[in-house]
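Asks: fold the stuff below for me.
(one chain, ligands or ions: 1)
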Amino acid sequence: MKLILLGAPGAGKGTQAEILSNLLSIPTISTGNILRAAMKNGTPVGLQAKAYVESGRLVPDDVIIGIVQERLSEPDCAGGYILDGVPRTIPQAEAMEKLGIDVDTALSIEVEDEVIVKRMSGRRTCKNCSATFHVVNNPPKKEGRCDRCGGELSIRKDDAPETVRARLETYHRETEPLMAFYEARGKLVKVNNRPTIEETTAAIRAALHI
Ligand code: AMP
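Replies: Next up is the predicted model:
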């Protein structure tokens, strides 16, 4: 299964990607997580990306394509993968096609903007392993600590409401056109956001027949 997850920031792509990844035993490639790790480690890619990520703008396509190409060449991707947050623009999707990066399905998780802005204020992210939680919808067992690795949970800088609005604008302008791109290739599957994580997972599984 080679899957792309589409949807606005905060639509639940990361959460669902982790669930599907366990279910299908295939890795998730999240360009956002890779960029945040690079920024934390002060690598050249991280230094290049920092200003874009922190202001809610998109990192240049060539940087992203380099990251994806490198990650997908690792052996664990041979049996399939879930792409979370990439492609984010038509040029990225075209570049991936040219490189022969295959996709079976582009799954779009549909959520209204107002729901997203509210939801993002409660999101908490592990500083160590990038797992995400939500103070109401998906609280960690121990407040402020990651269930998975015990790392410290923090609020992502780009989850501040002004930055979320900027990210949503970027999403509508740059990323939404990808729906038509994958629809034209017969690969688009849409699922509406449900009130709980479990119900959304069930809707996705039904839509993908898994
Ligand atoms: P995410 O964790 O997917 O919400 O990504 C966080 C931020 O990383 C985005 O707001 C962008 O600045 C950057 N980013 C992640 N993936 C991409 C991508 N495919 N293209 C451009 N920028 C990206």
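
Asks: make sure residue 2 is actually in contact with residue 103.
Replies: Yes - using CB atoms under 8 Å, residue 2 is in contact with residue 103, at 5.3 Å. C-beta coordinates here come from the backbone N, C-alpha and C atoms, glycine included.

Asks: any residues in contact with both of those two?
Replies: Overlap of the contact sets of residue 2 and residue 103 (by CB atoms under 8 Å, 6 or more residues apart in numbering) is empty.

Asks: quick one: the spatially most distant residue from the centre of the chain from residue 150, how far?
Replies: Going by CA atoms, centre = their mean, the residue of the chain most distant from its centre is residue 142, 24.8 Å out. As for residue 142, its distance to residue 150 is 8 Å (criterion: CB to CB, to the nearest Å).

Asks: which other helices and strands contact the host helix or strand of residue 200?
Replies: Counting by DSSP states H and E, the element that carries residue 200 is helix 197-208. Packing contacts for helix 197-208, counted by 3 or more CB pairs under 8 Å, 6 or more residues apart in numbering; DSSP states H and E, involve helix 13-24, strand 105-110, strand 188-192.

Asks: can you pull the buried residues of the second one?
Replies: In this case it means strand 105-110. Applying a neighbour-count criterion of 16 or more other CB atoms under 10 Å, the buried positions in strand 105-110 are 105, 106, 107, 108, 109.

Asks: tally of neighbours for whatever residue of the chain ends up closest to the ligand?
Replies: When scored by CB to the nearest ligand atom, the chain has residue 32 as its residue closest to the ligand, at 2.0 Å. Counted with other CB atoms under 10 Å, residues neighbouring residue 32 total 20.

Asks: now do the closest residue in space to it that isn't next to it in sequence against residue 151, distance only.
Replies: Distance criterion CB to CB, 6 or more residues apart in numbering; nearest residue to residue 32, sequence neighbours excluded, is residue 85 at 4.8 Å. Applying CB to CB, the value for residue 85 to residue 151 is 21 Å.

Asks: quick one: which of these two has more around it?
Replies: residue 85 (23 against 17).

Asks: you'd agree the more buried one is up against residue 31?
Replies: Yes - using CB under 8 Å, residue 85 is in contact with residue 31, at 5.0 Å.

Asks: now do the contacts for the residue nearest to residue 32.
Replies: Taking CB under 8 Å, 6+ apart as the definition of contact, the neighbours of residue 85 are 5, 13, 14, 30, 31, 32.

Asks: and the host helix or strand of the last one, what does it pack against?
Replies: What it means is residue 32. For residue 32, the enclosing helix or strand under DSSP H and E is helix 31-40. Packed against helix 31-40 by the contact rule (3+ CB pairs under 8 Å, 6+ apart) you find helix 44-55, helix 61-72, strand 81-84.

Asks: any idea which of the ones you listed is most buried?
Replies: Across the helices and strands packed on helix 31-40, the average number of neighbours (mean count of other CB atoms under 10 Å) peaks for strand 81-84, which reaches a mean of 24.

Asks: can you tell if stretch 63-71 touches the ligand?
Replies: Yes - on the criterion CB under 6 Å from any ligand atom, stretch 63-71 is in touch with the ligand at residue 64.

Asks: quick check, pLDDT for the closest residue to residue 122 other than its chain neighbours.
Replies: Of all residues not flanking residue 122 in the chain, residue 135 sits nearest, at 4.3 Å (CB to CB, 6+ apart). In this prediction, residue 135 carries a pLDDT score of 92.
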